[in-house]
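Student: could you work out the structure for the sequence below:
(chains A and B)
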2 protein chains.
Amino acid sequence: MRINHLLLENYRNYSNLKLDLHPAGAIIFGKNGSGKTNLLEAIAYSAFGRSFQTIHDDDLIHFQRDFFRINSEFYLNDKNLNIDSAYSRNNKKIKINQHQIKRLSELFKYIKVVYFSPQDIDFSAGSPGFRRYFFDLAISQFSYQYMEILKQYSRVLKQRNALLKHNFSREEKLTWDESYIKLGTQIIKKRKEYLQKFDPKLTEYHNFISNNNEVLTSEYLISFPMEKGKNIESCFEECLRKNEKKEIENQRSMYGPHLDDYYFRLNGRSFRKFGSQGQKRSLVISARLVQANLIFESAGDYPILMFDDILADLDTGRTSRILQLLKTDHQIFIATPNLNHYEIAGFPKIDLEQL
Amino acid sequence: MRINHLLLENYRNYSNLKLDLHPAGAIIFGKNGSGKTNLLEAIAYSAFGRSFQTIHDDDLIHFQRDFFRINSEFYLNDKNLNIDSAYSRNNKKIKINQHQIKRLSELFKYIKVVYFSPQDIDFSAGSPGFRRYFFDLAISQFSYQYMEILKQYSRVLKQRNALLKHNFSREEKLTWDESYIKLGTQIIKKRKEYLQKFDPKLTEYHNFISNNNEVLTSEYLISFPMEKGKNIESCFEECLRKNEKKEIENQRSMYGPHLDDYYFRLNGRSFRKFGSQGQKRSLVISARLVQANLIFESAGDYPILMFDDILADLDTGRTSRILQLLKTDHQIFIATPNLNHYEIAGFPKIDLEQL
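Tutor: As a prediction, the model looks like this:
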């Protein structure tokens, strides 16, 4: 898939911008603060229905205006798809081919974008929430119903936490526990399923990028103990039963996929502790490439890749091996303040100083 | 000041390394994962008595060894100063010229190092704790007694929080409150004093780096309300008196310098919200340069500067203006996987692949 046209009105630093985009993508070139990330953010907004930089749509409105609008034309499966996103005063409207959608997850059915962000470097060493978010979004792009399960679980979790703060009847709790366990188990299964596909490819890509020097592996850490021969659901249930008193004392749900984590090893040792900055960056680039590859395998279409200047800190060997991996049919956007980092002959350029 | 020699035994990926260092510094060149950051970390360890990457000294020991040692020879005020740091099984010994020191803060009297870290990018948008740590360390280098005040405050805070969790006598609390307010006020005053020197220079440096395009300002945010015409101490006291019930309910100290923050504006608007990645990086580079300049003004000696490959994401204009600002008598170490980022003719190189 690819994006053909992009139109921005009052979006961030762009009061009015119209761009025709090349099927190969573009190097987006400009000084610091010229709006490179904002351009990528606008494309990603079309794909996800929200910004990856802020949860406040108000921040996206051009200074002293009162609305913004992003209109994107995508091309997929031989058809054009128009996504129109508009926001004004707490009112967000997203239309796919003129039809207003009810849930953001509807976008996930169509538009596939993988964004390589500078914040990604926190992937291996940052908070578990960051890793869960990374994978949850990746799985949603892979199976768009997953987002709905997540939402339902999060509603039940909220209710269950409220319950644990007050006096409750035994039956009431059992009813909530039932959905809590059912939805939680579904999430854990989906995540483990995804990781099973993800892990061997991650090892392979990272090994290639590191020139066969680094063996990277990943694991899923469940927040409750698993007993041999028992399935997830019954271990989850047993854990809740055993720790009922503890949860009531602490007034919150202390086990479940909202507390699970992912763990990485580099040559058998903790990545978090012993990975260098450059290795951390390589890891997340490998992870995003795997994400893109799995989308391709499941949807049969190449997602759009966006690199927000995250190759700059890598050594020349790693950079050239990543660029080798990218020689596919993806449409690729690379934002950078230094053209000489990317000597991709003939790749189209968007020079923000000259717009 | 400068570092002349560095000797590492069983430190991180170095089993045995001896380096003679040039008064101008060096470009430390090597692939991702080759140990560039570890080398800078070792120099910084000599200056601060601890790592900036981990609080566990055990993580610094070379794989499968049981101790590490860093021996550094510094040159300052026409004298040589030997710092010997050794760690084994929870036992850390730091010697200055053969004499074992009792407190890490003694190091702050002598060794002045400013480290420009890749994590610094979180400076403006990350957690308030990160900003407090940045400034607390900078102030400690400026006035080394400050560290002791911080430590005392943190002890009193701990005691006061323990008190708020239990039944206590009125007199007991008043005694603790007295030291709490006294030490807290000293910290706030020191921080505001530092910021008063810091802010105009920050504006000046950042304006230069951004080619006169960006006006950057900083403010100190106190966690309790200040009333006009009243001093910090009495406002602090009044706030604690007014909110005594609230603090008891919440079982913790809810006002004081451990909750204060620093705030930055770019051309009058929130930096956190509207600063781009490159601008955030420029901000913290400006901040570190100001820190170095204030150390120079107070100690009459140029601190050692260490850049952990943080210039790579900047546009060429900004990079060259930063390098202009650096044309001073600082000893400078720059770690990078790409030599072509830094065309500093004649600057010594340390090639990690060839050690």
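Student: near chain B, which residues of the stretch 201-350 of chain A?
Tutor: Neighbours of chain B within the stretch 201-350 of chain A, by CB under 8 Å from any CB of the partner chain: A:210, A:213-214, A:269, A:273-279, A:281-282, A:308-309, A:312-318, A:337-338, A:340. No exception for glycine: its C-beta is placed from N, CA and C like everyone else's.
Student: could you rerun that using 6 Å?
Tutor: A:273, A:276-279, A:309, A:312-313, A:315, A:318, A:337 (CB under 6 Å from any CB of the partner chain).
Student: filter the residues you listed down to the buried ones, PyMOL style.
Tutor: Those of those that count as buried under 16 or more other CB atoms under 10 Å in any protein chain shown are selected in PyMOL with:
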select buried, chain A and resi 276+277+278+279+309+312+313+315+318+337
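Student: and the residues of the stretch 201-350 of chain A next to chain B, which two are the farthest apart?
Tutor: A:K273 and A:P337 (32.0 Å; CB to CB).
Student: list the contacts for the residue in the stretch 51-200 of chain A that chain B sits nearest to?
Tutor: Closest residue of the stretch 51-200 of chain A to chain B, CB to the nearest CB: A:P118 (5.1 Å). Taking CB atoms under 6 Å, 6 or more residues apart in numbering or on different chains as the criterion, A:P118 is in contact with A:308, A:310, B:277.
Student: now with 8 Å, please.
Tutor: A:308-310, B:121, B:277, B:313 (CB atoms under 8 Å, 6 or more residues apart in numbering or on different chains).
Student: per-residue pLDDT, it?
Tutor: The model reports A:P118 with a pLDDT of 84.
Student: quick one: the helices in chain A, in order.
Tutor: A:36-48, A:105-110, A:128-142, A:145-164, A:170-209, A:232-242, A:244-250, A:271-274, A:277-299, A:316-325 (DSSP state H).
Student: can you say which of those is packed in most?
Tutor: Comparing the helices of chain A by mean neighbour count (mean count of other CB atoms under 10 Å in any protein chain shown), helix A:36-48 ranks first with a mean of 24.
Student: do it and chain B meet?
Tutor: Yes: contact of helix A:36-48 with chain B (CB under 8 Å from any CB) involves A:36-38.
Student: chain center to that helix: distance?
Tutor: 13 Å (CA atoms, centre = their mean, to the nearest Å).
Student: next one: stretch A:66-86
Tutor: 20 Å.
Student: how far does that stretch stretch from start to finish?
Tutor: Start-to-end span of stretch A:66-86 (CA to CA, to the nearest Å) is 11 Å.
Student: same question for stretch A:58-66.
Tutor: 9 Å.
Student: what pLDDT does A:A345 get?
Tutor: Taking A:A345 on its own, its pLDDT is 67.
Student: ok, A:Q324 next?
Tutor: Looking at A:Q324, the pLDDT reads 86.
Student: how near is it to B:L305?
Tutor: Per CB to CB, to the nearest Å, A:Q324 is found 36 Å from B:L305.
Student: any chance of the helices of chain A in JSON lines with distance to B:F67 as columns?
Tutor: Output for the helices of chain A, formatted as JSON lines (distance: least, CB to CB, whole Å):
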{"stretch": "helix A:36-48", "distance to B:F67": "46"}
{"stretch": "helix A:105-110", "distance to B:F67": "53"}
{"stretch": "helix A:128-142", "distance to B:F67": "33"}
{"stretch": "helix A:145-164", "distance to B:F67": "47"}
{"stretch": "helix A:170-209", "distance to B:F67": "32"}
{"stretch": "helix A:232-242", "distance to B:F67": "41"}
{"stretch": "helix A:244-250", "distance to B:F67": "41"}
{"stretch": "helix A:271-274", "distance to B:F67": "18"}
{"stretch": "helix A:277-299", "distance to B:F67": "25"}
{"stretch": "helix A:316-325", "distance to B:F67": "33"}
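Student: coming back round to it: nearest residue to the residue of the stretch 51-200 of chain A closest to chain B other than its sequence neighbours?
Tutor: B:Q277 (5.1 Å; CB to CB, 6 or more residues apart in numbering or on different chains).
Student: you'd agree that neighbour is up against B:D313?
Tutor: Yes: using CB atoms under 8 Å, B:Q277 is in contact with B:D313, at 6.6 Å.
Student: shared neighbours of the two, which are they?
Tutor: A:32, A:118, A:309.
Student: about what we covered before: and A:I83, which of the helices of chain A is closest to it?
Tutor: Nearest to A:I83 among these is helix A:36-48; the distance by CB to CB comes to 4.6 Å.
Student: count residues in the vicinity of A:I344, would you?
Tutor: Neighbour count of A:I344, defined by other CB atoms under 10 Å in any protein chain shown: 17.
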